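# Predicted model and sequence below, questions to follow.
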Amino acid sequence: MRYIAFLAVILLSGCSVFSRGEAEFSCPKTGFVENAATVAFLTPGGENIAAADLQGLSGECNFKNKDAVEVTVTLNFAARRGAADVSLKGKELPYFVAVLSPEEEILQRQAFVTNIDFDNAGVGSSTEEHTVRISATKPEEAYKYKVVIGFALTPDQLRYNKEHK
């Protein structure tokens, strides 16, 4: 009889005894680097050749691996041709995706280029998706990390962005 009672307790609590519960974890923060979400391409005289913006960001993360988190981000780019070069058909836009530690140190940085073709009105857009893996991270500490995105700006472009907020 004791054996049957013990077996009943085991069977009734089977889910908690034999399976692991899924903990709720928070994803790393994602966002744009300050002053690097827009880029202007100017002639040496300051005339606008083209300009672009990071228009939006969406993402998700998963904790399939117990010692890493994968973050997938989808980026939306929009660009417009400037008056200085009305024959410009498109523009290459260099940008980066980086992972920052909880101490804001760069752990990894990847460089990319998106190509935008301009329509007859001189506007264009593109969408890109990237997955970054943050290794050696306990899932419960993933929220302490950041995934940041920005255009790869020259010093002049960065100065221009700061002056034209």
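Done, it's in. Keep in mind that this is a model prediction, so the values were computed, not measured. Residues are numbered from 1 along each chain as shown.
# Tell me where the model's unsure across this structure.
1-24, 136-137 (pLDDT under 70).
# Mind doing that once more with 90?
Scanning the chain with the threshold set as pLDDT under 90 gives 1-26, 44-46, 56, 59, 62-68, 85-87, 135-142, 164-165.
# tell me the secondary structure for the spatially most central residue of it?
When CA atoms, centre = their mean is applied to the chain, the residue found nearest the centroid is Val73 (4.3 Å). Of the three states, Val73 takes strand according to DSSP: H, G, I helix; E, B strand; the rest coil.
# Sticking with Glu104, tell me its helix or strand.
Here Glu104 is covered by no helix or strand, with elements defined by DSSP states H and E.
# same thing with Tyr160?
Using DSSP H and E, Tyr160 falls in helix 155-163.
# So which residues make contact with that helix?
If you take CB atoms under 8 Å, 6 or more residues apart in numbering as the criterion, helix 155-163 is touched by 35-36, 38-42, 151, 153. (C-beta placed from N, C-alpha, C; glycine too.)
# repeat that with 10 Å
With contact meaning CB atoms under 10 Å, 6 or more residues apart in numbering, helix 155-163 is reached by 34-42, 44, 46, 150-151, 153-154.
# Which of the residues in that helix are classified as buried?
For helix 155-163, the neighbour count (16 or more other CB atoms under 10 Å) marks 157, 160-161 as buried.
# Likewise for stretch 63-72?
The neighbour-count criterion (16+ other CB under 10 Å) identifies 63, 68-71 as the buried residues of stretch 63-72.
# ok so, going back, output the buried residues of helix 155-163 as CSV; include the columns distance to Tyr145.
CSV is the format used below for those (distance: CB to CB, whole Å):
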residue, distance to Tyr145
Gln157, 27
Tyr160, 30
Asn161, 25
